[in-house]
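Asks: My questions are about this predicted structure, shown below with the sequence.
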Amino acid sequence: MRIVVIGGTGLIGSKLVTRLGEHGHEAVPAAPNTGVNAFTGEGLDEVLAGASTVIDVSNSPSFEDAAVLEFFQTSTRNLLAAEKKAGVRHHVALSVVGTARRPDVGYFRAKLAQEKLIEESGIPFSIVHATQFFEFARRIADEGTVEGKVRIAPVRFQPIAGEEVAQAVGRTASGTPLNGQLQIAGPEQFQMDDFFRDALAAWKDEREVVTDPHAHYFGAEMHDRDLVPGDDATLGQIKYADWLAGQDAR
């Protein structure tokens, strides 16, 4: 099966290309550094020729509200139009848990707009909603840092290893289109401020973590369950402490 991975040289995309290749698929990484740009449309017709499935794990270079909305709407429209011309039979997109709950959050609103375009495209589709990646934890801490202190709200948090995200997305892409959504998350649920207090200690990062119910998560206050999945989510097996130990060993 020829599977084109949009964003195929990034964190999740590169893992996907490797995993799909190991399972006998022709996995093609597509990104600006391979001459394919979904936002401008460059190279889409050429790379999609003969593809049966497209996986979109691309991400916006900017999280600013207007910019991220423009990125996902424009790139998704371009991609879906090219897929229709190429006869693609399955469109798989990686999204984020919580989009429908918090459309007031800029990034979530942009992902929700992307999902709507996919659902209305007429192309068979699957949308995978994931919680935050372990690999993203340091950026969350940095974004929450104010005057040298990491301000984190005491809300629920259930991050997942990027490798298990790639595994779930790859398995979904290899199967029958869901024409719907599924949720994936890590095996452990934390209180977010407690998670980062332990994480910074493990990183040997001396910044103090301050519990702040009004702390912003990328520009917005979070409610208790905004970042965690429903009870029907598929859970990974890799725990954060074990993943971190593996990173340190490498």
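Replies: Nice, I can see it.
Asks: can you list the weak-confidence ranges in this protein?
Replies: Scanning the chain for pLDDT under 70 picks out the ranges 249-250.
Asks: residues in contact with the lengthiest helix in the chain?
Replies: Using DSSP state H, we find that the single longest helix of the chain is helix 65-86. Contact partners of helix 65-86, identified using CB atoms under 8 Å, 6 or more residues apart in numbering, comprise 6, 38-41, 44-45, 48-51, 54, 56, 58, 60-62, 91, 93, 106-107, 109-111, 113-114, 117-118, 121-123, 219. In this view, the C-beta of every residue, glycine as well, is placed from N, C-alpha and C.
Asks: just the buried members of the residues you listed?
Replies: Taking 16 or more other CB atoms under 10 Å as the criterion, what is buried in the contacts of helix 65-86 is 6, 38-39, 41, 44, 48, 51, 54, 56, 58, 60, 91, 93, 106-107, 109-111, 113-114, 117-118, 121, 123.
Asks: Tell me which of these fall in strands.
Replies: Using DSSP state E, 6, 54, 56, 91, 93 are the members of these that sit in strands.
Asks: Can you tell me how far the residue nearest to Ala220 when sequence neighbours are not counted is from His23?
Replies: Nearest-residue entry for Ala220: Val105, 4.5 Å, with adjacent residues in sequence omitted and distances by CB to CB, 6 or more residues apart in numbering. According to CB to CB, to the nearest Å, Val105 and His23 sit 35 Å apart.
Asks: more neighbours, those two?
Replies: Val105 (23 against 12; other CB atoms under 10 Å).
Asks: Does the more buried one touch His223 like I think?
Replies: No. Judged on CB atoms under 8 Å, Val105 makes no contact with His223 at a distance of 10.7 Å.
Asks: Let me see the backbone angles for Ala220.
Replies: phi -150, psi 150 (degrees, to the nearest 10).
Asks: Count residues in the vicinity of it, would you?
Replies: Applying other CB under 10 Å, we find 14 residues neighbouring Ala220.
Asks: Equivalent analysis for His25, please.
Replies: When neighbours are counted by other CB under 10 Å, His25 registers 18.
Asks: mind pulling up the phi and psi values for it?
Replies: Residue torsions, per degrees, to the nearest 10, at His25 are phi -90, psi 150.
Asks: for whatever helix or strand Asp248 lives in, packing partners?
Replies: Taking DSSP states H and E as the definition, Asp248 sits inside helix 240-249. With contacts defined as 3 or more CB pairs under 8 Å, 6 or more residues apart in numbering; DSSP states H and E, helix 240-249 has these neighbours: helix 192-203.
Asks: make it 7 Å
Replies: Using 3 or more CB pairs under 7 Å, 6 or more residues apart in numbering; DSSP states H and E, no helix or strand is in contact with helix 240-249.
Asks: Can you tell me what sits against it?
Replies: For helix 240-249, the surrounding residues in contact (CB atoms under 7 Å, 6 or more residues apart in numbering) are 134, 159, 161, 188, 202.
Asks: Just want the angle from that helix to helix 192-203.
Replies: Helix 240-249 runs at 30 degrees relative to helix 192-203, counting by axes from the mean of the first three to the mean of the last three CA atoms, to 10 degrees.
Asks: Now do the buried residues in helix 240-249.
Replies: Residues of helix 240-249 classed as buried by neighbour count (16+ other CB under 10 Å): 240, 243.
Asks: Distance from it to the middle of the chain?
Replies: 21 Å (CA atoms, centre = their mean, to the nearest Å).
Asks: again, but for stretch 69-84
Replies: Distance of stretch 69-84 from the chain centroid (CA atoms, centre = their mean) equals 17 Å.
Asks: do stretch 56-72 as well
Replies: Using CA atoms, centre = their mean, the offset of stretch 56-72 from its chain centre is 12 Å.
Asks: Buried residues, it. List them.
Replies: Applying a neighbour-count criterion of 16+ other CB under 10 Å, one finds 56-60, 68-72 buried in stretch 56-72.
Asks: then the longest helix of the chain to PDB, C-alphas only?
Replies: Taking Å, rounded to 0.1, in the frame of the first residue of the first chain, the C-alpha atoms of helix 65-86 are listed here in PDB:
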ATOM      1  CA  ASP A  65      -4.800  32.200  16.700                       C
ATOM      2  CA  ALA A  66      -5.200  33.600  13.200                       C
ATOM      3  CA  ALA A  67      -2.100  31.900  11.800                       C
ATOM      4  CA  VAL A  68      -2.900  28.500  13.100                       C
ATOM      5  CA  LEU A  69      -6.400  28.700  11.700                       C
ATOM      6  CA  GLU A  70      -5.200  29.800   8.300                       C
ATOM      7  CA  PHE A  71      -2.600  27.000   8.300                       C
ATOM      8  CA  PHE A  72      -5.000  24.100   9.000                       C
ATOM      9  CA  GLN A  73      -7.800  25.400   6.800                       C
ATOM     10  CA  THR A  74      -5.600  26.200   3.800                       C
ATOM     11  CA  SER A  75      -3.400  23.100   3.900                       C
ATOM     12  CA  THR A  76      -6.400  20.800   4.500                       C
ATOM     13  CA  ARG A  77      -8.400  22.300   1.600                       C
ATOM     14  CA  ASN A  78      -5.400  21.900  -0.700                       C
ATOM     15  CA  LEU A  79      -4.700  18.400   0.500                       C
ATOM     16  CA  LEU A  80      -8.300  17.200   0.200                       C
ATOM     17  CA  ALA A  81      -8.600  18.600  -3.300                       C
ATOM     18  CA  ALA A  82      -5.400  16.900  -4.400                       C
ATOM     19  CA  GLU A  83      -6.600  13.600  -2.900                       C
ATOM     20  CA  LYS A  84      -9.800  13.700  -4.800                       C
ATOM     21  CA  LYS A  85      -7.900  14.100  -8.100                       C
ATOM     22  CA  ALA A  86      -5.600  11.300  -7.200                       C
END
